[in-house]
Structures are given as structure tokens and as C-alpha cells.
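Undergrad: the sequence and its predicted three-dimensional model are supplied below.
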Amino acid sequence: MLTHVLTRLPALVLGCAAGLAGAAPLAQTPPMGWVSWLQFADNINERLIIETIDAMASNGMREAGYQYVNLDDGWQRYKGDRRDHPLEADPAKFPRGIKYLADYAHARGLKFGIYSGPGQATCAGYTGSEGHEAQDAALFAAWGVDHLKYDSCCSHKDAPVRVLKTIFGAMSSALVAQQRDIVLNACHCGWGKPWEWAGELGAHHWRIGQDISDDFDYPANREKYFFDVLDLIDHGVGLEKYSGPGHWNDYDMLIVGLNGKSMQLPGAGASNVEYRTHFSMWAMVASPLLAGADLRKLDATTLETLTNKEITAINQDSLGKPARKVRDDGALQVYAKELADGGWAVALLNRGSATADMSFSPRRDLALPWDAYSVRDLWKHQDLGSFTIPFTTEVTSHEARILRIHRVAREGKTP
């Protein structure tokens, strides 16, 4: 039992006990994968999931680091309260059951996730897990599930923190008791400041804000609820200290490739530049990278965005430090992320409507005692040379230039 408990604890409090026990803590880097909800809502079935698994295994996403294929709400057989219905897979949608799909994913080197919630019913009205946490955790483990999105969006929206801790803690404890490692996503749309307490309960990632819309910069919150990409980036500023190996701030799913055609999500879509900026910034802030588009129909540009291994490497860096905003000149902002190899990833983000020159200096912006440094552009896949003065480049409207910098020796000096 000790090993299973240790794999569930956030790395923040794991200390050397995990090493003594030989445990391998979960989610040491942000989870990467796909979720069904953004594109398909509850219009899901066995064929869709099998084809999605096949697509991820063959289109380069698996090799770029994506692992999880996650069912969201709507896999359940019944709509209505749990007191009136058992929790079962819909036999019309999933005639061979959930374990068949999990086994199918595992056989292709991928992992499988599922969805439930702590209420009598889920957000879409399907049977929830309230009062049956141990039973449902055992069921998920028996099916071979590797990830659980546990979503309290509707059932406990206005609940006090003490209640939220109780409901998420109950499922976390139930998962710990299983002879299977299952990553827990404590999803509460940022209400109740879950970043302050969810990791202590054993959750591995938690939403920091309300649902994302398919927009880069919408003038307000769509339907007085949804956040666009820039809203979520802003919402995460200052929350960096709560995120790290085993416990991640979750900025919500990736809208890359939705193009305003989601069955579920509002929004007019974004340009390829804006989608690429969205993807880049999620990588920089160490958010889980959970794609929401139809993986079977990705165009070449979208696939190139999602499978840029230099960008996913920033997200999956073993040091696990999220980027922080180091300079804010209004529409022109600079974010920087420390890396395990001693280098830094830098994002030059132009939120404005016009192309602008932007600059970065390790001394000025990070207070690093570097006399010289190298710069690599991670979207152009080009080394840009070594610099002893601030690096300056042109950044188009709504673009984020992503750079990787390292200290280099000058003649007669060592770095």
C-alpha cells in the first residue's frame, strides 16, 4: 500500500521517501494526449475512439510525446442521478466495453482515460460517482484506466473549499487504494482556488480557470463564462509556485485545429499563427497538452504545430518549472522558463495588432550574469548565433517567438 500512496502524493511533499520505497511518482511531466469533449461533446462511440488511437499512433503525435486518449462525458449508459442508475458504459456506443478500448490503446503504446464527477449526475447529465467513489475507482482500475478527469463543474459550483476537499479527497483516496496508477485531474474550473489545495489531496492537475472558447482574443467572456487564450494566460500569472512535477496548473484543453467547427465549444476559431501561439504558451507554462481536435482529420499545418518536438520538449522538461512573466510592456510581453540543462526557454509574445520589434537580454530580464549567450528559434528550428547584447527580432501580431538560450564562453572566459 505504501508504494501506491507514494505514487499519488504530489512531488512537492514526496521528498526522499519515494526514493526509499522505490516508487515512481505519477505525472512528473505534464500529461499529453487527447480529449473527446471539445470536438465531439457526448457524440462519441467505439469506432471514433479506435480511429483516434490509430491516428495518434501513426501521425507522429505518439512520438512527439502524446500518451493519453481520454473519454470525456457521455460514455455512460444512463442520464440521471446515481441513486437511480448504476454506472455502466453505453452498450450502443461501446459494444465491446471500456476495457476493450483501454487494452487497444495499451497495445499501441498509449494510455487511456475516462471521465466522471462527484455529483449524482455529471455536467452533461449522465450518472455520476457520488457515494460510490470506492466502487467506481475499482471499476476504472479493472478496466485498465490510466487517467480520470473528475469534474465538479455543475454539482459543486458554489461549494465551500472544505466540501471540495472532501469530494476530491474521497476519489483520490479511492484511486490510491487500487493496484493501478491512475492520474487524477481535479476539474473545478478554477473556482475555490484548487491550486492551493488540490495537490495536497493527491490530484495531479487542476484547472485554473473556466472553460476555454475557440478564440484567441475575444472582447469579453463568451456567454459570460468562457475564457479565450489570452484570458487564461493572464489568469495563470502568479500561480507558478503551485505547479511542478506531479502537480500541474491546467490551462484547459488545446483548441488547436478546431477552426470554429467544434460540436460543443463556442468561438469563431483562430488563425494558424494564433493557434501556434496558444500551443507554445501552454508548453511554456507547463500546462497539460490535451488536444481537442479530430485527430483523424488534421491538416498539415495543425499537425506540424502539435508535433513540434522542440516545443513539446519545453513542456516536458524534467525540471518542471513553469514560465513566469518577466517583462510586461503592455501588448509586448516576455515569459521565461528555466530548463534542466541550465538553459532557458523564452517566449516573446506580441498581443498587439501590429508587427513589432521585441528584445530579450538574460542580464536585463533574468538578472543572469551571462556575458554571452546562444539563441535557437524553436519554430524555425534554427540556431541564430551567439550574442553579447540584447537579442532583437521582429514578432508579428499575435505571434509568440519561442527561443532556447544557453550561456556560452567568451574568449578568455568560462561560462
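TA: Thanks, I have it.

Undergrad: going forward, measure contacts and count neighbours with C-alpha atoms only.
TA: OK.

Undergrad: which parts of the stretch 51-200 of the chain are helices?
TA: Under the criterion DSSP state H, counting those that start in this stretch, the stretch 51-200 of the chain carries helices at the ranges 61-64, 97-107, 133-143, 161-176.

Undergrad: with distance to Asp211, mean pLDDT and mean neighbour count added, can I get those helices in a markdown table?
TA: Formatted as a markdown table, these follow (distance: least, C-alpha to C-alpha, whole Å; pLDDT from 0 to 100; neighbours: other C-alpha atoms under 10 Å):
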| stretch | distance to Asp211 | mean pLDDT | mean neighbour count |
| --- | --- | --- | --- |
| helix 61-64 | 24 | 98 | 18 |
| helix 97-107 | 26 | 98 | 19 |
| helix 133-143 | 25 | 98 | 18 |
| helix 161-176 | 19 | 97 | 19 |
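
Undergrad: using a markdown table, please lay out those together with distance to Tyr78.
TA: Shown next, in a markdown table, are the helices of the stretch 51-200 of the chain (distance: least, C-alpha to C-alpha, whole Å):
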| stretch | distance to Tyr78 |
| --- | --- |
| helix 61-64 | 33 |
| helix 97-107 | 15 |
| helix 133-143 | 15 |
| helix 161-176 | 21 |
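
Undergrad: mind checking which of those helices is nearest Lys149?
TA: helix 161-176 (10.8 Å; C-alpha to C-alpha).

Undergrad: pull the residues that contact the closest one.
TA: 4-5, 8, 118, 133-134, 137-138, 150, 156, 181-182, 184, 186, 192, 197-198, 201-203 (C-alpha atoms under 8 Å, 6 or more residues apart in numbering).

Undergrad: chain center to it, what's the gap?
TA: Here helix 161-176 shows a centroid-to-chain-centroid distance of 21 Å under the convention C-alpha atoms, centre = their mean, to the nearest Å.

Undergrad: what angle do that helix and helix 133-143 make?
TA: 40 degrees (axes from the mean of the first three to the mean of the last three C-alpha atoms, to 10 degrees).

Undergrad: contact partners for Gly269?
TA: 214-216, 258-261.

Undergrad: how about the residues you listed, which pair is most distant?
TA: Top of the distance list for these (C-alpha to C-alpha): Phe216 and Lys261, 14.9 Å.

Undergrad: any low-confidence regions in the protein?
TA: 1-23, 154, 411-415 (pLDDT under 70).

Undergrad: which residues touch the spatially most central residue of it?
TA: In the chain, the residue lying closest to the centroid (C-alpha atoms, centre = their mean) is Pro288, at 1.7 Å. Shown in contact with Pro288 (C-alpha under 8 Å, 6+ apart): 30-32, 205, 248-253, 282.

Undergrad: that one and Pro30, how far apart?
TA: 5 Å (C-alpha to C-alpha, to the nearest Å).

Undergrad: cool, and Leu184?
TA: Taken as C-alpha to C-alpha, the span from Leu184 to Pro30 is 12 Å.

Undergrad: same check on Glu130?
TA: 28 Å.

Undergrad: which one of these two has more residues nearby?
TA: Pro30 (28 against 21; other C-alpha atoms under 10 Å).

Undergrad: Leu289 is in contact with that one, correct?
TA: Yes. At 7.2 Å, Pro30 and Leu289 qualify as touching, with contact defined as C-alpha atoms under 8 Å.

Undergrad: circling back to that earlier point, tell me which of the helices of the stretch 51-200 of the chain sits nearest to Pro86.
TA: The nearest among the helices of the stretch 51-200 of the chain, by C-alpha to C-alpha, is helix 133-143 at 10.1 Å.

Undergrad: which strands and helices lie in contact with the closest one?
TA: On a contact count with 3 or more C-alpha pairs under 8 Å, 6 or more residues apart in numbering; DSSP states H and E, helix 133-143 meets helix 97-107, helix 161-176.

Undergrad: next, Asp328: secondary structure please.
TA: Recorded secondary structure, Asp328: strand (DSSP: H, G, I helix; E, B strand; the rest coil).

Undergrad: of all the helices of the stretch 51-200 of the chain, which lies closest to Met358?
TA: Using C-alpha to C-alpha, the helices of the stretch 51-200 of the chain put helix 61-64 closest to Met358, at 29.5 Å.

Undergrad: mind putting the contacts of Gly269 into TSV with secondary structure, neighbour count and distance to Met358?
TA: Formatted as TSV, the contacts of Gly269 follow (DSSP: H, G, I helix; E, B strand; the rest coil; neighbours: other C-alpha atoms under 10 Å; distance: C-alpha to C-alpha, whole Å):
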residue	secondary structure	neighbour count	distance to Met358
Asp214	coil	29	27
Asp215	coil	27	24
Phe216	coil	25	21
Leu258	coil	25	30
Asn259	coil	17	29
Gly260	coil	17	30
Lys261	coil	16	34
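
Undergrad: looking at those residues, which one is closest to Asp328?
TA: Using C-alpha to C-alpha, the contacts of Gly269 come closest to Asp328 at Phe216, 18.7 Å.
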